[in-house]
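>>> sequence first, predicted model second:
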Amino acid sequence: MSTAAADFGGPISPAEVDLSVDLCGVTLPNPVMTASGCAAAGRELDQFFDVAELGAIVTKSIMLNPRSGRPTPRMAETPSGMLNSIGLQGPGIDAFLARDLPWLVQRGARAVVSIAGDKPADYVELARRVGQAPGVAAIEVNISCPNVENRGLVFACDPESSYRVIEECRPHIPDGIPVFAKLTPDVTDIAAIAGAVSDAGADGVTVINTLLGLAMDPDTLRPRLGGVTGGLSGPAVRPVAVRAVWQIRKAMPDLPILGVGGIRTGFDALEFILAGADAVQVGTVIFNDPGAPMRVVRELCDELAVRGIRSLDAVRNAAHG
Amino acid sequence: MSATQAPGTVVSRTPVGDYHHLVIAAEGIATHTRPGHFVALAIGGVDSGMLLRRAFSIYRTSTTGRHGETVEIVFAAHGKGTRWMADLAPGDPIDVVGPVGRPFALPKEPVSCVLVGGGYGSAPMFSLATALRDRGCAAHLVLGAATTPRLFGLLDANKVGSSVHVTTEDGSTGTRGRVTDVLGDLVDTTDAAVVYACGPMGMLRAVADVAEDNGAWSQCAVEESMACGIGVCMTCVLPVEGEDGIVRMVRSCVDGPVFRGDRVRWDAVGTIPPGTLGGPR
Ligand SMILES: Cc1cc2nc3c(=O)[nH]c(=O)nc-3n(C[C@H](O)[C@H](O)[C@H](O)COP(=O)(O)OP(=O)(O)OC[C@H]3O[C@@H](n4cnc5c(N)ncnc54)[C@H](O)[C@@H]3O)c2cc1C
Ligand SMILES: Cc1cc2nc3c(=O)[nH]c(=O)nc-3n(C[C@H](O)[C@H](O)[C@H](O)COP(=O)(O)O)c2cc1C
Ligand code: FES
């Protein structure tokens, strides 16, 4: 068997690597974004790197109204990961559109706005308002939260409710703004959910959101989180995320995929691209290394350069050959 | 505020009582540090399975030593990450983010102040005392701990304090009891306008109450569990009442760690108190 390095020729200079990607007509200088909820609205990270240099900043999921989130403790460190039960704390759409989005736009960053709701009507209203706001590069619909109208079942756990949310909000978003549905891995067949949202009009999918987890406190012998269960993220979940991307790519050769889950290094990002991701997002690792998103860009570039690979198109889906 | 991420190097680690005094050479942090700021340290190296940063109050900084800019902290080894730190040796790399947070607010007038440090919580009090005295304020120090080895900085205290008062719960040094046992009288006799405090949450709550009962402002540096330390994750929140009377869940890493004691809803830490902005209805 030949190695990739042999296939692509000898090492090249990182300057010869073209990292740019076209995501449903939106050009990104590189495929690396922040993951929702791990970069707030970008402002704090701008101390550590120029947010405009990153592929895109994905904002924390924004809801219609201000939300206090869950009681503390809201996090627990786990081996190579963490559990969080933030409960979507945020300022609500009015404050977001007045303060956070304009900052990102003025800074020259590509803003991917994540929206989340308790019921389909919330998503419609959010889609309408974000869709009209200037400077939005894409919308990520976080359907990985519970639907209060349907016994608290997580939208993205069910193909029908996933379909319904996307079908209802897609018409309210201009055609030029791609819509990505963010999926949870806590399902039997993630490719089926991806199929449902694609049929409903999503331009692509973001995989994965956190996995539901639980950890106990050795002192109290009770759950460590105020919210009892929480979302598991970080390098510990990466193989699950790469598998989810691979399965969806296999089922849907043309569906744009944003891969997310435990990316820490440039090679981790490359793994997702080999499995079929068009672009990737860096989340929890930002807490460990606030400079990680741009470091991943540089390392990804180096990973391609040492293997003589000139563009992402040359390696995307390579794992499916 | 602007924080820097710097690849630091351990200059020294010295045991002091039950704690470790750690000196780290790291560029770009010392010059911007004010009393009350903290650093967030990455633990275990670049491949570490411990992903979350650990926060530590800045004890002091230097910009002129032979190691260039240095930042000093005092820590207790109790969990996985701090136990790893207790093995650090000169020359070891450690990634530093800092200075983070809002520092203590200093009075505009030359008033009398009381500074209360519980355990390693006294670490930021010495640079604060110096800053206060530089502007003509009196800085009376109260150091408290359960036992003598858990007191930190008695020598420093005698150098920078206008007066020094010590309490231990076992009575091995100073007055037997808690800091609050001596605080009320001290605020009274020194006619203190502000009480500054850093230490465990229970102590802060009690100090804020004593200050209020004695007609003084309080400035408390809180310790909440933090994942990022830089304001992006929303794990470190606690309920704080704003000037408008509305309670909000506020990030203690960047909106604190120093809060006005009368603004924190100490009784409700760990809950979402009724009436909180965006709270469950
Ligand atoms: C603003 C601030 C200043 C601090 N200053 C000091 C200091 O000067 N000296 C000192 O010894 N300690 C200080 N602490 C506490 C210190 O951060 C924790 O003791 C330390 O994070 C515990 O880490 P660990 O690896 O030992 O514990 P682990 O249990 O392994 O920690 C797991 C996770 O929980 C968090 N955590 C656990 N205990 C605490 C705690 N008490 N407070 C906050 N987060 C916690 C950790 O940060 C980590 O993310 C400070 C904390 C804060 C928030
Ligand atoms: C503290 C925290 C908050 C998060 N908040 C959101 C959110 O608001 N919306 C969302 O779609 N995903 C949220 N996520 C999930 C991440 O975007 C990401 O999908 C997941 O953490 C896996 O990636 P990672 O391992 O790189 O963090 C959050 C994750 C963490 C750790
Ligand atoms: S620790 Fe992340 S927001 Fe405060």
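Yes, it's here. Everything numeric here is computed off the predicted structure, so don't read it as measured data. Residues are numbered from 1 along each chain as shown, chains lettered A, B, ... in the order given. Ligands and ions are numbered 1, 2, ... in the order given.
>>> C-alpha only now, for contacts and for neighbours.
Noted.
>>> in contact with the nearest residue to A:R128 once chain neighbours are set aside, which residues?
The shortest distance from A:R128 to any non-neighbouring residue, by CA to CA, 6 or more residues apart in numbering or on different chains, is to A:H172 (5.0 Å). Going by CA atoms under 8 Å, 6 or more residues apart in numbering or on different chains, A:H172 touches A:V124, A:A127, A:R128, A:G131.
>>> ok, the helix or strand the first one falls within near ligand 2 or not?
A:V124 is part of helix A:120-132, with elements assigned from DSSP states H and E. No: Helix A:120-132 stays out of contact with ligand 2 when judged by CA under 6 Å from any ligand atom, the minimum separation being 13.4 Å.
>>> now for that helix, which elements pack on it?
With contacts defined as 3 or more CA pairs under 8 Å, 6 or more residues apart in numbering or on different chains; DSSP states H and E, the packing partners of helix A:120-132 are strand A:111-115, strand A:136-142, helix A:159-169.
>>> of these, which is nearest B:R248?
strand A:111-115 (21.7 Å; CA to CA).
>>> just checking, what packs against the closest one?
strand A:57-58, helix A:101-107, helix A:120-132, strand A:136-142.
>>> so which of these is nearest B:A227?
strand A:57-58 (19.1 Å).
>>> thinking again about what came up before, deepest in the core, which of the helices and strands packed on helix A:120-132 is it.
Ranked by average neighbour count under the criterion mean count of other CA atoms under 10 Å in any protein chain shown, the helices and strands packed on helix A:120-132 are headed by strand A:111-115 at a mean of 27.
>>> B:S163 contacts B:L143, correct?
No: at 11.1 Å, B:S163 does not count as touching B:L143 under the criterion of CA atoms under 8 Å.
>>> in terms of neighbours, single out the busier of the two.
Neighbours per residue (other CA atoms under 10 Å in any protein chain shown) separate B:S163 from B:L143, with B:L143 holding more: 26 against 15.
>>> mean confidence for the helix or strand hosting that one?
Assigned by DSSP H and E, B:L143 belongs to strand B:138-145. In this model, strand B:138-145 has a mean pLDDT of 97.
>>> so A:D118 makes contact with A:C145?
Yes: applying CA under 8 Å, one finds A:D118 in contact with A:C145, separated by 7.4 Å.
>>> what residues does the strand holding B:L143 touch?
B:110-119, B:122, B:129, B:132-133, B:151-152, B:154, B:157, B:160-169, B:178-179, B:183.
>>> stretch A:199-208 too?
Counting by CA under 8 Å, 6+ apart, residues outside stretch A:199-208 touching it are A:24, A:140, A:163-164, A:166-167, A:170, A:178-185, A:194, A:198, A:241, A:244-245, A:255-261.
>>> intersect those with the contacts of ligand 2.
Okay, of the contacts of stretch A:199-208 touching ligand 2 (CA under 6 Å from any ligand atom), that's A:V260, A:G261.
>>> filter the contacts of stretch A:199-208 to the buried ones?
A:140, A:163, A:166-167, A:170, A:178-185, A:194, A:198, A:241, A:244-245, A:255-261 (16 or more other CA atoms under 10 Å in any protein chain shown).
>>> any weak-confidence spans in the chain?
You didn't pick a chain, so chain A it is. Along chain A, the model assigns pLDDT under 70 to residues A:1-7.
>>> can you look at chain B instead?
B:1.
>>> residue in the stretch 151-300 of chain A with the shortest distance to chain B?
For the stretch 151-300 of chain A and chain B, the shortest gap (CA to the nearest CA) falls at A:F287, measuring 4.2 Å.
>>> what about that residue, which SS state?
Under DSSP: H, G, I helix; E, B strand; the rest coil, A:F287 falls in the helix class.
>>> and for it, nearest residue in space, chain neighbours not counted?
Nearest non-adjacent residue to A:F287 (CA to CA, 6+ apart): B:C228, at 4.2 Å.
>>> what does B:V111 give?
In space, B:V111 is closest to B:C137, 5.0 Å off (CA to CA, 6+ apart).
>>> that neighbour: neighbouring residues, count only.
21.
>>> ok, and does stretch B:77-97 reach over to ligand 1?
Yes: using CA under 6 Å from any ligand atom, stretch B:77-97 reaches ligand 1 at B:A77, B:H78, B:G79, B:K80, B:G81, B:T82.
>>> assign the last one to helix, strand or coil.
On the three-state scheme (three-state DSSP), B:T82 is labelled helix.
>>> pretty sure it contacts B:F56?
No: if you go by CA under 8 Å, B:T82 and B:F56 don't touch, sitting 10.4 Å apart.
>>> now do the helices in chain B.
Applying DSSP state H to chain B gives helices spanning B:80-85, B:125-134, B:154-160, B:179-189, B:201-213.
>>> thank you, goodbye.
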